[in-house]
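Trainee: pasting a predicted model and its sequence here:
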Amino acid sequence: GIQVEQSPPDLILQEGANSTLRCNFSDSVNNLQWFHQNPWGQLINLFYIPSGTKQNGRLSATTVATERYSLLYISSSQTTDSGVYFCAVGGNTGKLIFGQGTTLQVKP
Amino acid sequence: DSGVTQTPKHLITATGQRVTLRCSPRSGDLSVYWYQQSLDQGLQFLIHYYNGEERAKGNILERFSAQQFPDLHSELNLSSLELGDSALYFCASSVESSGGWQFFGPGTRLTVL
């Protein structure tokens, strides 16, 4: 099956800093989504981005499907950005395969 | 708010018991997916239903079963519960029969004592 690797596993930033999270996957995919899991456990949809680039406020994402990776950019980070960021990919079956996540801590 | 609702939010029960988790998809979505998030296994796909029919199964135990009803809501039944079944259970929905943007509900946190 498809393997998903996220890096780095942990990230500590000062408020206001920028960061880049990476997601590598082992096969072609039809679906790629980024999520933020907040401290209360909720999975918040950030992007649906099987290819191309999208932006939403301070967050943006780029997926290069031919090279099998996706990047999530967080600019001017805030303490509320803390939590775990998951990348999930899907093939023809529809099910999503999740990476192990990047745990982000933003310090004031 | 994703538009997907799950009940209950929290569930505490004892080993050997049976529980039912409920999910209502977004209006218009025909697909419902169930995922389990545990500390040791991470987020894993359990099962997918589309318009009442089972479409795919993942690492779902035989003690677990699910169904999707004519009104498209879904229920995940967990029986003979073990300590290791303690986890967050998420439901997601999408319009498509496979693939497409999946919208996740708030989850049900199950604690087995």
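Mentor: Cool, the structure landed. All of these numbers come straight from a predicted model, not from anything done at the bench.
Trainee: please make it C-alpha for all contacts and neighbour counts, starting now.
Mentor: Noted.
Trainee: which residue does chain A have closest to chain B?
Mentor: residue A:94 (4.1 Å; CA to the nearest CA).
Trainee: what residues does chain B have near chain A?
Mentor: Residues of chain B lying close to chain A (CA under 8 Å from any CA of the partner chain) are B:33, B:42-45, B:48, B:56, B:97-101, B:103-107.
Trainee: can you flag the buried ones in the residues you listed?
Mentor: Buried residues within the residues of chain B next to chain A, counting neighbours by 16 or more other CA atoms under 10 Å in any protein chain shown: B:33, B:43-45, B:48, B:56, B:97-101, B:103-107.
Trainee: now, the residues you listed that are in strands?
Mentor: Counting by DSSP state E, the part of these found in strands is B:33, B:43, B:44, B:45, B:48, B:56, B:103, B:104.
Trainee: all strands of chain A, in order?
Mentor: Under DSSP E, chain A gives strands at A:4-7, A:10-14, A:19-25, A:31-37, A:43-48, A:52-56, A:59-64, A:69-74, A:83-90, A:96-98, A:102-107.
Trainee: can you give me the pLDDT of residue A:91?
Mentor: At residue A:91, the model reports a pLDDT of 83.
Trainee: and for the residue nearest to it when sequence neighbours are not counted, the neighbour number?
Mentor: Once flanking residues are discounted, residue A:91 sits nearest to residue A:29: 4.7 Å by CA to CA, 6 or more residues apart in numbering or on different chains. Neighbour count for residue A:29, taken as other CA atoms under 10 Å in any protein chain shown: 19.
Trainee: need phi/psi at residue A:29.
Mentor: Per-residue torsions, residue A:29: phi -130, psi 150 (degrees, to the nearest 10).
Trainee: show me where chain B has its helices.
Mentor: With DSSP state H, there are no helices along chain B.
Trainee: quick one: the strands in it?
Mentor: For chain B, the strands defined by DSSP E cover B:5-7, B:10-13, B:19-24, B:31-38, B:42-50, B:53-57, B:64-68, B:74-78, B:87-94, B:103-104, B:108-112.
Trainee: number of nearby residues for residue A:81?
Mentor: Neighbours of residue A:81 (other CA under 10 Å): 17.
Trainee: over to residue A:76?
Mentor: For residue A:76, using other CA under 10 Å, the count is 13.
Trainee: ok, it to residue A:8 distance?
Mentor: Noted for residue A:76: a distance of 19 Å to residue A:8, by CA to CA, to the nearest Å.
Trainee: go on, residue B:111?
Mentor: With CA to CA as the criterion, residue B:111 and residue A:8 are 30 Å apart.
Trainee: neighbour count winner among the two?
Mentor: More crowded of residue B:111 and residue A:8, by other CA under 10 Å: residue B:111, with 19 against 14.
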